[in-house]
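K.L.:
got a sequence here, can you build the structure:
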Amino acid sequence: MAEGLPSSIYDLTVKDIRGEDVSLGTYSGKVLLIVNVASKCGLTHSNYKELNVLYKTYKDQGLEILAFPCNQFRSQESGSNEEIQETVCTIFKAEFPIFDKVKRNSPLQVLEIQKGGLLGDSIKWNFTKFLVDKTGKVVERYAPITSPAKIEKDIKRLLEA
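P.N.:
Model prediction:
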């Protein structure tokens, strides 16, 4: 693990969209789908629609979707946290947790290091997705163009494990 970074996602404390501290340790024992999101990306509508379906279908079975807005890719998430929350909850009807806007390499760097990408470890675009098992291990990384619906079989497998 890189110097100065925790070895587990559960060791991280992040801010939610309202600026409150949230220990990711509270999600221990759940399957996590962690996504860097943006409201003005060409992938936004389809991703939020499918993420909402996955969340409604599997949240009672132990799935949590954690959305981390990021503005580093063509300024596609330029609003304040209040504006982001309004957009995500009102327009896209997201019910899963939304966190404070992040730089692409923090706190998601722990995920990047555990599961590097095809073109290097760092996140290259909005809607990169990381699937984390119940023990906090990143088991898969999906490209931004991967439809959340195509991840469903992997989510089911981890929920049943």
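K.L.:
all strands of this protein, in order?
P.N.:
Assigned by DSSP state E, the strands in the chain fall at 13-15, 21-23, 31-37, 63-69, 129-132, 138-142.
K.L.:
dump the ones you listed to CSV, plus mean pLDDT, mean neighbour count and distance to residue 150.
P.N.:
For the C-beta atoms, the positions are set from N, CA and C on the backbone; glycine is no exception. Supplementary listing: the strands of the chain in CSV, determined by pLDDT from 0 to 100; neighbours: other Cβ atoms under 10 Å; distance: least, Cβ to Cβ, whole Å:
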stretch, mean pLDDT, mean neighbour count, distance to residue 150
strand 13-15, 89, 15, 27
strand 21-23, 94, 13, 28
strand 31-37, 92, 25, 12
strand 63-69, 93, 22, 15
strand 129-132, 92, 23, 10
strand 138-142, 90, 18, 8
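K.L.:
would you reformat those as CSV and include distance to residue 85?
P.N.:
Converted to CSV, the strands of the chain look like this (distance: least, Cβ to Cβ, whole Å):
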stretch, distance to residue 85
strand 13-15, 13
strand 21-23, 14
strand 31-37, 12
strand 63-69, 9
strand 129-132, 21
strand 138-142, 25
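K.L.:
compare the ones you listed and give me the one nearest residue 56.
P.N.:
Closest approach to residue 56 among the strands of the chain (Cβ to Cβ): strand 63-69, 9.9 Å.
K.L.:
between the closest one and strand 31-37, how big is the angle?
P.N.:
Between strand 63-69 and strand 31-37, the angle comes out at 20 degrees (axes from the mean of the first three to the mean of the last three Cα atoms, to 10 degrees).
K.L.:
name the helices or strands packed onto strand 63-69?
P.N.:
Secondary-structure packing of strand 63-69 (3 or more Cβ pairs under 8 Å, 6 or more residues apart in numbering; DSSP states H and E): strand 31-37, helix 44-58.
K.L.:
which of these sits closest to residue 17?
P.N.:
strand 31-37 (11.1 Å).
K.L.:
ok, that closest one: who's next to it in the sheet?
P.N.:
Strand pairing for strand 31-37, determined by DSSP bridges: strand 63-69 (parallel), strand 129-132 (antiparallel).
K.L.:
can I get those in TSV with distance to residue 56?
P.N.:
Listed next are these as TSV, based on distance: least, Cβ to Cβ, whole Å:
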stretch	distance to residue 56
strand 63-69	10
strand 129-132	17
